[in-house]
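1. compute the structure for the input listed below.
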Amino acid sequence: MKSEKGFTLQDLTVAVIVISIFVGTLGSIYLAIYKVQAQTKVDSVAALFTVQIMERIDKVGYDEINSENIDTFITNVKKDFSIPSSFHIDITTTPYGQNDDLVKLAKLTLTYSFDGKEKSIMIQRPKVREIPMQAGGESQ
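-> Residues are numbered from 1 along each chain as shown. From the prediction side, this is the model:
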């Protein structure tokens, strides 16, 4: 007498296929979530670096941000803020209006890539020449 208990090979095959589809779907969802999370983290780190560099530009003097020493400035900033070499920094200055010697526009571009896509963040703001105060508290 044959027992009717147990699983047949067809039952096991169908179960394995259903479980494989389910696990594959969950795996792809987790991978998509991980990629979005990693992209968000890289974007926020890039934004933080951009703000830190621009704050450093604000702190230095007008004459310290020019084409002759910009490479040294970028090297120092990368070292001070531990910016990875995969982030490319470009800083340019251009005259701002007619008063070339009083105000210039500092433009910072931070370029990086993630998942084969290149992104960049650009900030620009005026850099004003500091006017020294005379002994009586009046400017020149």
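2. any idea how far the helix or strand harbouring residue 73 is from the middle of the chain?
-> Taking DSSP states H and E as the definition, one finds residue 73 inside helix 70-80. Its chain's C-alpha centre and that of helix 70-80 lie 17 Å apart, by C-alpha atoms, centre = their mean, to the nearest Å.
3. what's the average pLDDT for it?
-> In this model, helix 70-80 has an average pLDDT of 91.
4. could I get the buried residue list for it?
-> Buried residues in helix 70-80, counted by 16 or more other C-beta atoms under 10 Å: 70, 73-74, 77-78. Every residue, glycine included, has its C-beta placed from N, CA and C.
5. check stretch 108-116 too.
-> By 16+ other C-beta under 10 Å, the buried positions in stretch 108-116 come out as 108, 110, 112.
6. could you pull up the residues touching the last one?
-> Read it as residue 112. Going by C-beta atoms under 8 Å, 6 or more residues apart in numbering, residue 112 touches 42, 46, 86-88, 118-120.
7. narrow these to just the buried residues.
-> The neighbour count (16+ other C-beta under 10 Å) marks 42, 46, 87 as buried among the contacts of residue 112.
8. now tabulate the residues you listed in JSON lines and tack on distance to residue 128.
-> Listed next are the buried ones among the contacts of residue 112 as JSON lines, based on distance: C-beta to C-beta, whole Å:
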{"residue": "42", "distance to residue 128": "33"}
{"residue": "46", "distance to residue 128": "27"}
{"residue": "87", "distance to residue 128": "28"}
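9. in helices, which of those residues appear?
-> Judged by DSSP state H, helices contain the following of the buried ones among the contacts of residue 112: 42, 46.
10. strands of this protein, start to end?
-> 88-95, 103-114, 117-128 (DSSP state E).
11. a markdown table for those, including mean pLDDT?
-> What follows is the strands of the chain, written out as a markdown table (pLDDT from 0 to 100):
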| stretch | mean pLDDT |
| --- | --- |
| strand 88-95 | 91 |
| strand 103-114 | 92 |
| strand 117-128 | 92 |
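12. which one of these lies nearest to residue 60?
-> Nearest to residue 60 among the strands of the chain is strand 117-128; the distance by C-beta to C-beta comes to 8.9 Å.
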